[in-house]
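Peer 1: let me see the structure of the following:
(one chain, ligands or ions: 2)
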Amino acid sequence: MSLHVLDHPLLQHKLSIIRDKNTSVKEFRELISEIATLMCYEATRDLPVEVCEVETPVSTAKVRKIAGKKLAVVPILRAGLGMVDGILTLVPSAKVGHIGLYRDPDTLEPVEYYCKLPKDIADREVYIVDPMLATGGSATAAIQFIKNYGCQHIKLMCIISAPEGISRVQTDHPDVDIFVASVDEKLNSHGYIVPGLGDAGDRIFGTK
Ligand code: PRP
Ligand code: URA
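Peer 2: Numbering: from 1, shown residues only. Ligands and ions are numbered 1, 2, ... in the order given. Presented below is the predicted three-dimensional model:
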């Protein structure tokens, strides 16, 4: 499938503010949510629609409605939580699953600590969300969990990515569409994205 780098000016402007180390926790959290809304608008562009009719006060109009596609949003805890409300703003009927993963600071490998998904997840189009795609270990593991439940239609939405993470997901899960607002330069020796924005979870929840 494909990589979509979303370069809408509003998105890029908001990205410039969250990258700034002086941005407050409150503003950072609000902007992550707004960026998620804008990214969701683009990532849902290919939802199928069906033509039907409604009576306006004047006449009959042929209209297009989303053709009953069921969606699920699955944030990777913790930082992915910051994107959920922004997506539900546009898709309020989506179900929400949670996958808890943290990156072991020494090995950089993802460690699972929680998983709770909607019962009918296999019938849904799933949007896995996480602000950061660094080595790609967490995203790859999350996609595999979801696939193990029988899901066939998965999209990955991350705000900032590193080339290494993109390659990893494309290699491990070539069937998954990836949406990002930026592909940054590289990872540093601690697995942080350069220039990136630091630790997204800490900046959303004010834990550092
Ligand atoms: C961050 C981020 C991703 C992961 C990306 O989470 O939110 O989940 O790292 O790194 P990777 O692509 O190398 O796997 P972290 O492990 O810091 O946990 P947190 O969200 O609880 O802070
Ligand atoms: N996780 C983050 O929160 N930031 C990075 O730069 C890499 C992984």
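
Peer 1: nearest residue to Cys158 in space, please, no chain neighbours.
Peer 2: Setting aside the residues directly before and after it, Cys158 is nearest to Leu133 in space (C-beta to C-beta, 6 or more residues apart in numbering), at 4.0 Å. Using the backbone N, CA and C atoms, a C-beta is placed for each residue, glycine as well.

Peer 1: state which one residue of this structure is found closest to ligand 1.
Peer 2: Across the chain, the shortest distance to ligand 1 (C-beta to the nearest ligand atom) belongs to Gly201, at 2.4 Å.

Peer 1: kindly confirm my reading that that residue is in a strand.
Peer 2: No - applying DSSP: H, G, I helix; E, B strand; the rest coil, one finds Gly201 to be helix, outside a strand.

Peer 1: count of neighbours near it?
Peer 2: 21 (other C-beta atoms under 10 Å).

Peer 1: report the contact partners of it.
Peer 2: Under the criterion of C-beta atoms under 8 Å, 6 or more residues apart in numbering, the neighbours of Gly201 are Arg78, Ala79, Thr207.

Peer 1: how about residues contacting the lengthiest helix in the chain?
Peer 2: Assignment by DSSP state H gives helix 25-43 as the longest helix of the chain. Helix 25-43 has contacts (C-beta under 8 Å, 6+ apart) with 4, 6, 8, 10-11, 14-15, 17-18, 23, 82-87, 89-91, 127, 129, 131, 155, 157, 159, 177, 179, 181, 200, 203-206.
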